[in-house]
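1. missing the sequence, but the structure's below:
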C-alpha cells in the first residue's frame with residue numbers, strides 16, 4: 001500500500017499522540033509523589049578529587065529544587081536555583097532547603113562536571129561528590 005508523505009506524517013503524529021495519551025497518566029502520578037515537602041533542612045556538599053581524595057576548593061555548586069506552592073500561587077510549586085562555591089575544605093552548606101527531589105550540579109576547573117537528581121530526606125544530609133580529571137585526548 002502506497003502512502004503519500006502527508007499521510008505518513010499524519011499517521012506518525014497519530015501514533016505519537018496515542019503514546020502520549022497512554023503514557024501521560026503514569027507520568028503525572030509519579031510526578032505527584034515527587035513533590036517538594038513543606039519541611040526544610042540544611043544540607044552540605046563535599047567535593048573531593050576522585051583519585052587523591054583531596055578537597056577541591058572553589059568548585060561551583062548549583063542546587064535546583066522546587067518550593068511547594070501555597071494558596072497565593074494556586075498550589076503551583078516555584079522552581080528555585082542557588083549557586084555557591086566550596087571552601088578550602090571542599091565544603092559548601094545550604095540552609096533551609098525543602099526536603100524532596102533536588103538536582104545537584106558541580107563544576108570545577110580541571111575536572112569533569114557532575115550532575116545528578118537526588119533526594120534530600122534527612123536533616124543536615126551530606127552529599128559527597130568526587131570529581132575526575134578529564135580524559136586525555138588521543
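-> Great, that's in hand. Quick caveat: nothing in here was measured; it's all calculated off a predicted structure.
2. Buried by neighbour count: which residues of the longest strand anywhere in the chain qualify?
-> Taking DSSP state E as the criterion, the chain has its longest strand at strand 40-49. The neighbour-count check on strand 40-49 (16 or more other CB atoms under 10 Å) flags 41, 43, 45-49 as buried. Heads up, the C-betas are built off the backbone N, CA and C, glycines and all.
3. and what of stretch 129-138?
-> 129-131.
4. contacts for that stretch?
-> 45-51, 53, 56, 59, 104, 106, 108, 110-114 (CB atoms under 8 Å, 6 or more residues apart in numbering).
5. and the residues you listed, which are buried?
-> 45-49, 56, 59, 104, 106, 108, 111, 114.
6. Now do the closest residue to residue 87 other than its chain neighbours against residue 92, distance only.
-> Computed as CB to CB, 6 or more residues apart in numbering, the closest residue to residue 87 that is not its neighbour in sequence is residue 57, at 6.3 Å. Distance of residue 57 to residue 92, given as CB to CB, to the nearest Å: 10 Å.
7. The two: who's more crowded?
-> residue 92 (23 against 14; other CB atoms under 10 Å).
8. Was I right to think that one contacts residue 85?
-> Yes. If you go by CB atoms under 8 Å, residue 92 and residue 85 touch, sitting 6.8 Å apart.
9. and for the two, which residues touch both?
-> 59, 61.
10. ok, now which ones touch residue 111?
-> By CB under 8 Å, 6+ apart, the neighbours of residue 111 are 49, 56, 59, 131-134.
11. Farthest-apart pair in those residues, please.
-> Farthest apart among the contacts of residue 111 by CB to CB are 59 and 134. That separation is 14.7 Å.
12. okay, and for the protein, where does confidence drop off?
-> Counting by pLDDT under 70, the ranges of the chain that qualify are 1-37, 68-77.
13. That one: helices as residue ranges?
-> 5-33 (DSSP state H).
14. Report the residue ranges of every domain in it.
-> 1-33, 40-131 (automatic domain parsing).
15. in stretch 53-73, what's buried?
-> 55-56, 59-61, 63-68.
16. Now do the shared contacts for residue 57 and residue 92.
-> Joint contacts of residue 57 and residue 92 (CB under 8 Å, 6+ apart) are 85-86.
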